[in-house]
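J.: quick check, what structure comes out for this input:
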Amino acid sequence: RKTWPVRPDRPAFARPARGNAPALVDGEGLVLVINTSAGSGDQAQEVQAQLGRDLPAAKVVLCGPQDDVSDCLAEAARSATVLGVMGGDGTVNCAAGIALDAGLPLAVFPGGTLNHFAGEVGICSVDDVVDALRAGSAVEVTVGSAAPDGDDLYFLTTFALGVYPEPVRLREKHAKRWGKGPSMAWAMAKVMRRAAPGFLDVTADPRTRW
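T.: Sure, this is the predicted structure:
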């Protein structure tokens with residue numbers, strides 16, 4: 001932690017929502033999908049137990065390695081008043097797209113490795129989410145799309161182009177066996193050994209940049 005300090009607690013940077021989110025005093029209407037294959041796997045039982053105490057009417061769905069996260073989230077959205085998600089950036093991005101299409105508020109539980117998005121909206125713990133759900137407190141965020149038509153490939157914090165996605169793909173392939181840090185170091189060494197410098201043209205809104 002001397003070289004990589006813990007994220008400081010801070011207020012949300014997002015603006016208050018224009019519409020009021022429903023107040024789920026006992027959790028009725030919340031369907032939380034936990035991706036146990038992501039960083040949240042070790043916390044799944046702990047979060048289930050806490051919701052059982054604090055929001056007893058909430059429903060928790062565990063999405064394991066054999067399940068498709070998108071399918072789990074889409075099924076949850078059909079019966080939810082508020083869609084909940086706990087997992088890494090990819091899981092949260094997927095949930096954001098499904099919540100957007102269904103017109104549902106999204107409750108993001110911090111359960112990834114770094115919790116970038118949760119931290120930006122002021123969520124540092126499960127207690128923070130529980131308090132927000134009970135009070136019907138929400139913030140409004142801008143959702144980006146990496147698709148040409150803007151109707152797919154949603155993202156909330158960042159997305160990467162160029163060389164970076166390849167080592168991430170290799171890291172995820174080997175992380176369970178070697179651990180995330182060693183897997184990323186190996187992946188970076190492998191990719192950078194054969195990578196060549198160059199420029200990537202990107203068209204966005206609607207200017208072309210490189």
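
J.: all helices for this structure, in order.
T.: With helices called from DSSP state H, the chain shows them at 44-54, 69-79, 89-102, 116-120, 126-135, 165-178, 180-194.

J.: highest average neighbour count across those?
T.: helix 89-102 (a mean of 21; mean count of other C-beta atoms under 10 Å). C-beta coordinates here come from the backbone N, C-alpha and C atoms, glycine included.

J.: show me what that one is packed against.
T.: Counting contacts by 3 or more C-beta pairs under 8 Å, 6 or more residues apart in numbering; DSSP states H and E, helix 89-102 packs against helix 69-79, strand 82-87, strand 106-110, helix 116-120, strand 154-155.

J.: so what strands line up beside the third one?
T.: In the sheet containing strand 106-110, the strands it pairs with under DSSP bridges are strand 82-87 (parallel).

J.: spit out the contact partners of Ser183.
T.: Residues near Ser183 by C-beta atoms under 8 Å, 6 or more residues apart in numbering: 170-175, 177.

J.: for these, give me TSV that also has pLDDT and distance to Cys94.
T.: Below are the contacts of Ser183 laid out as TSV (pLDDT from 0 to 100; distance: C-beta to C-beta, whole Å):
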residue	pLDDT	distance to Cys94
Leu170	90	21
Arg171	86	19
Glu172	79	14
Lys173	85	19
His174	85	22
Ala175	78	18
Arg177	83	24
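
J.: tell me the centre residue of this structure?
T.: With distances taken as C-alpha atoms, centre = their mean, Val92 lies nearest the centre of the chain, 2.3 Å away.

J.: wait, that one sits on Ala107?
T.: No - if you go by C-beta atoms under 8 Å, Val92 and Ala107 don't touch, sitting 10.8 Å apart.

J.: overlap of the contact sets of the two?
T.: Residues touching both Val92 and Ala107 (C-beta under 8 Å, 6+ apart) are Val85.

J.: verify the stated contact: Arg15 with Glu140.
T.: Yes - between Arg15 and Glu140 there is a contact at 5.5 Å, judged by C-beta under 8 Å.

J.: thinking again about what came up before, among the helices of the chain, which is nearest Arg209?
T.: For the helices of the chain, proximity to Arg209 was assessed by C-beta to C-beta; helix 165-178 is nearest, at 18.0 Å.

J.: and that closest one, what does it pack against?
T.: In terms of contacts (3+ C-beta pairs under 8 Å, 6+ apart), helix 165-178 is packed against helix 180-194.

J.: hang on, the earlier thing: which of the helices of the chain has the lowest average pLDDT?
T.: Confidence, taken as mean pLDDT, is least for helix 116-120 of these (a mean of 80).
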